[in-house]
Every structure is written in structure tokens, then in C-alpha cells.
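Enquirer: make a model of this:
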Amino acid sequence: MNPAEYSLADFFYSDTDDPTRPPPEFAAWREAGAWAMSLMEPALHGPAVPRVEIHRAGHDQKVINLSSYNYMGMAHHPEVVEAAKMALEKYGVGACGSPLLSGLSDLHRELEEKLAAFMGREAVMLYNSGFGAAMGALAGMLRKGDVAILDAKCHLCALDGAALSKAKRVFFDHNDPASLDDALTKSEGKRRLVVLEGVYSMDGDVADLPALMEVTRRHKASVFIDEAHSLLVYGKKGRGVAEHFNAENDIAVMFGTFSKSFAGVGGFVAAKKDLVDYLRYYSNPYGFSCALPPSVVAALLKVLEIFQRDDSLQKRLWENTEYFRSQLIGMGVNIGESTSQVVPIVIGADRLMLYQLCHEMNERGLFLAPVDYPSVPEGQLRFRSAVTAAHTRQDLDDALQIIEDTVVKRLKEQGA
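Expert: Numbering: from 1, shown residues only. This next block holds a predicted model:
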């Protein structure tokens, strides 16, 4: 078997007679491609900071980290760590209960209230998972007979939430107001919810809210926006792309995660109080799983406090982002349509080269993850880099040199 001829999409279905037996071809593919799969699930020997040691491809390696979502550099901030330690001493390790029954603490309520004020919304509810928050909120709102109208590049959590609700899923062409208009026109008379993202997580481009919201206003359709990668990054106050485009009044529901700029874990939904109160009882990932550990909640509260008092964080992130992107473009690297801190390095269709380059960069001290089909189209295999406020100019220059010596060199040799 040539592992480069296959991807994860080829083993989704199985003809075995037992669902606990995966397709035997999958095991053969994994074994044949062990050199590539050894790049997956790297183990960090420390926090997700710009320089870290990882165990990957069978050995330990000191690397420049361009793969973690620590956008504001809060993952190891001393005040954040201290806040978590103090909460750990007071509240213990876990919440030990569902939020509805016994898992909420006064810290959870404080974070909900402060986040609601920060987001300019009536209410906020917390989830212990970002994926679960988006999936659960959409499944909690939509019903059979409704129509979920999703941007074609929406995250899997939104797709799963809409599918779980049994609503009809309709996709409009990415960031295309004419395609959205057509989808809304064809669904007249139904309950509709338009679902899109602030920053698209694989491409790093931004929702064209001025054009898209003109369409949703005309059709009187409600909008759900995923601000996972844009919170604290976009908008003068850090509320995301909706604030950046002055479109917050056009958005019914805002969803965000704590695993990116907040450097923690979990997610939240911000909306009108009556909807949030409803979702507390009809969003299953909220009511039927344990609440966030109080130590995590305390850390999130401290991140919010630091961000609101230190306006240099967002500025530093954007300085780093613009520098990194401009240097890549100057080297002839294809970064797609990215305009954000999420910067793809598009390789093309050569799967073998993708994994060879990843090994080479890892050996030279650069931690980038390969992104393969079906996460991205077959002809747009890539590495996805994440720039943060914590990166120094030296970090970025060292990373750029490695990219030039590996990716750029190889693509030039192949005439790409």
C-alpha cells in the first residue's frame, strides 16, 4: 500500500460485520504511513508558549511553536497561573456536577456576568467544551422543519449541531452574499438560522459581514456567529469580527471558545436572556456534562481582566501578524485568502511532500502541523500557522528562515 494515495476520508465507511471492528485497510494504512502518523499527537513538555520542547516523531525536540492558539500569550502568564492556583486551593480539582444540578460555583456566575458585560449581551452561559458549546447551542435552538443555512466553510461543530437538531442543512458558497440570498429565498416561510464564522479556522479569512448582513436583514433571518478565532483579536474592545464591522446588532447569537485567546478550555454562548435561559434546559452538552473546573474559570476571569487593562496585547499580536504574513508573501509562499493571525502555508496536492516537509521543519526546530484532506480540499494541503502576541521578532525570523530553507526551497525545485 502506498499511504500517500489515501487519506482519512477513504476509511470512513467499513464493510465489516461488527461496528467495533474498524476497516482492516485502516490499520494497514496506518502501519504503512507510520512515518507520517508519527507527526500527529505531539506531546508538549511545557506550556503552549513560543519556544517549547515536544516529543514528536519518536524523539524530543526543542521547537519554535507556531501551532498553538495562544493568541494573547496568556497560557503561562504569571497572574493567570496564580489565579488558577488560588482557585485550586479554595475549590479543589473539579466542579463534580452538571451546571444545572450542582456544578456551578460563584466563580462561574461571576464569569458569566463579566462576559455578558464584555460582549454587550444580556446573558452568557458557559460550556466545558468549545465544540460542545456550538454543537449544543445549535441543537438546542433548531428543530425538525427548521433550516440551518451554513457557510460552506463552517466548522464541524456547527455542522454536527445542525445535523443533531434534524433541521435541514443548506450550504451557501463561502462568503458569497448572492449564494446566501438564493438560500434564504428558497427557504422563505421556514424558521431559518444563518451560521457563519468570524475568522475561518483553516483559511484565516474573515466573514464579509457588511455584504452578508445586508442580505440577512432583507430576509429578516437570524444569525449565529462563531467568534472562536476572533475574540480579543478583532474589534476595538476585542468582541470579535461582529464588533470590527459594527454588525453586532445584526447578530442574534455569539459563540466563542476559551481555548484560543483565553488560553484555557471551554466555550460560551452570548445572547438575549430568554434564549440563554431556554438553552440551559435544552442544550444537552450544558445540562448533561460536568461544569468547568473552578481553577479554569478563575484563570479565564484573570485573562479577561488583563486584556481589558492592557491594550498592548492586541496591538502586539497585529504587529507580529502583519510582519509574518508580509515576509511569507515576499518569499512567494501561498497563504491563500488569510487576513488574520491564522496563516495557512498552502502546499498543493502533493501529500508525500506535505509530510516530508513537516519532518524536515520539525528536525530544524519548527513546530507546524500538517493539515490534510478532508479537513481541507485535496488540492490545498497545507500547514496552518498561528501567530501570537507572545512571539518575539526573533521567534518569527527563525521560523521564517526554516520555512524558506524547507518549504520555499522544495516548491522552487518543483517549479511550483
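Enquirer: what mean pLDDT does stretch 114-123 get?
Expert: In this model, stretch 114-123 carries a mean pLDDT of 98.
Enquirer: distance from the chain centre to that stretch, please.
Expert: 21 Å (CA atoms, centre = their mean, to the nearest Å).
Enquirer: now the end-to-end length of that stretch.
Expert: End-to-end distance of stretch 114-123 (CA to CA, to the nearest Å): 10 Å.
Enquirer: give me the contact list for that stretch.
Expert: By CB atoms under 8 Å, 6 or more residues apart in numbering, the surrounding residues in contact with stretch 114-123 are 112, 124, 237-239, 248, 254, 256, 268, 270-273, 275-277, 301, 304, 308. Every C-beta, even on glycine, is put in place using the N, C-alpha and C of the backbone.
Enquirer: those, buried ones only, as a ChimeraX selection?
Expert: The ChimeraX selection below is limited to those of the contacts of stretch 114-123 classed as buried (16 or more other CB atoms under 10 Å):
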select :112,124,238,239,248,254,256,268,270,271,275,276,301,304
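Enquirer: out of the contacts of stretch 114-123, which are inside strands?
Expert: Judged by DSSP state E, strands contain the following of the contacts of stretch 114-123: 124, 254, 256, 268, 270-271.
Enquirer: which pair of those residues spans the longest distance?
Expert: The two members of the ones in strands among the contacts of stretch 114-123 with the most space between them (CB to CB) are 256 and 271, at 11.8 Å.
Enquirer: need the contact list for residue 224.
Expert: By CB under 8 Å, 6+ apart, residue 224 lies in contact with 137-138, 141, 158, 193-196, 251-253, 255.
Enquirer: redo that, cut-off 7 Å
Expert: Residue 224 makes contact with 138, 193, 195, 252-253, 255, according to CB atoms under 7 Å, 6 or more residues apart in numbering.
Enquirer: out of these, which end up buried?
Expert: Using 16+ other CB under 10 Å as the burial test, these include 138, 193, 195, 252-253, 255 as buried.
Enquirer: which residue ranges of the stretch 301-416 of the chain form strands?
Expert: Applying DSSP state E, counting those that start in this stretch to the stretch 301-416 of the chain gives strands spanning 342-348, 366-367, 370-371, 381-386.
Enquirer: name the nearest of the ones in strands among the contacts of stretch 114-123 relative to residue 291.
Expert: Looking across these and measuring by CB to CB, the closest to residue 291 is residue 268, at 12.3 Å.
Enquirer: where does this structure dip in pLDDT?
Expert: 416 (pLDDT under 70).
Enquirer: can you do 80?
Expert: Where the chain drops to pLDDT under 80, the residues are 1, 415-416.
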